[in-house]
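> This is the structure alone, sequence omitted:
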C-alpha cells in the first residue's frame with residue numbers, strides 16, 4: 001500500500017486505508033517502533049505486525065513481543081527468502097521469528113526461568129543427581145560417587161521425574177539445562 005518514514009506517518013496513513021500486514025522497524029524518528037506497535041495493536045488489532053530491524057537486543061525483542069507483534073526478523077541476518085517465508089507465515093496466522101531472534105527469545109526465557117521458583121524445586125541432593133546424570137553416570141556410579149545407596153539414587157530420580165512430569169533421564173537433563181538449573185559445565 002505504501003511506505004512511510006515514521007510511526008506518525010503510518011498512523012495517518014491507516015486513517016485512510018488499513019493493510020493486512022505492516023513491516024515495522026524499531027528505530028523510527030518520532031515515536032519508536034515499540035510505541036507504534038502498541039498503538040497499532042490498540043487501534044487496529046487485526047493488522048499483523050512483522051518487525052524487521054537491526055535493533056535486536058533482548059530488551060527490544062521482549063518489548064516488541066510484549067506489544068503483540070506477530071514476528072521479528074533481523075535486518076542483519078535476513079535474506080529475501082526468509083523475509084518471504086516470514087510474511088507468508090504471519091499472513092497464515094502463525095508467528096515467525098528468525099533463528100537469531102529465536103535464540104534471543106530463548107535466552108530471555110532461560111534468564112527468566114533462572115530467577116523463578118523452578119530452580120528452588122530441587123534439593124541440593126537432587127541437583128547433584130541431575131549433574132551426575134548429565135555427566136553420563138549410571139545409578140551405581142552416582143551412588144558410589146555420592147556415598148549413598150543405588151535405591152536412594154533411584155528414589156531421588158523418581159522424585160525429580162514426578163516434579164517435572166517426565167519419565168526418563170534424558171528428558172530430565174534436557175529440562176535442567178534448558179531451564180538453567182544446571183549448566184553444560186558446572
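Happy to help now that I have it. Keep in mind it's a predicted model, so treat the numbers as computed, not measured.

> Please report how far residue 105 lies from residue 184.
Here the criterion is Cβ to Cβ, to the nearest Å. By it, residue 105 lies 20 Å from residue 184. C-betas here are computed from N, CA, C, even on glycine.

> More neighbours: which of those two?
residue 105 (16 against 6; other Cβ atoms under 10 Å).

> And the helix or strand where residue 142 lies, how far out from the chain middle?
Assigned by DSSP states H and E, residue 142 falls within helix 139-146. For helix 139-146, the separation from the chain centroid amounts to 36 Å (computed by Cα atoms, centre = their mean, to the nearest Å).

> same check, this time on stretch 167-176
20 Å.

> I'd like to know which helix or strand in the chain has the lowest mean pLDDT.
helix 99-114 (a mean of 66; mean pLDDT, DSSP states H and E).

> Beyond that helix, next helix or strand please.
Heading C-terminal from helix 99-114 (DSSP H and E), you reach helix 124-134.

> Now do residue 101 against residue 170, distance only.
28 Å.

> Neighbour count: these two, which is higher?
residue 101 (22 against 9).

> Who are the contact partners of that one?
56, 61, 72-74 (Cβ atoms under 8 Å, 6 or more residues apart in numbering).

> Separate out the buried members of the residues you listed.
Burial by neighbour count, judged by 16 or more other Cβ atoms under 10 Å, picks out 56, 61, 72-74 from these.
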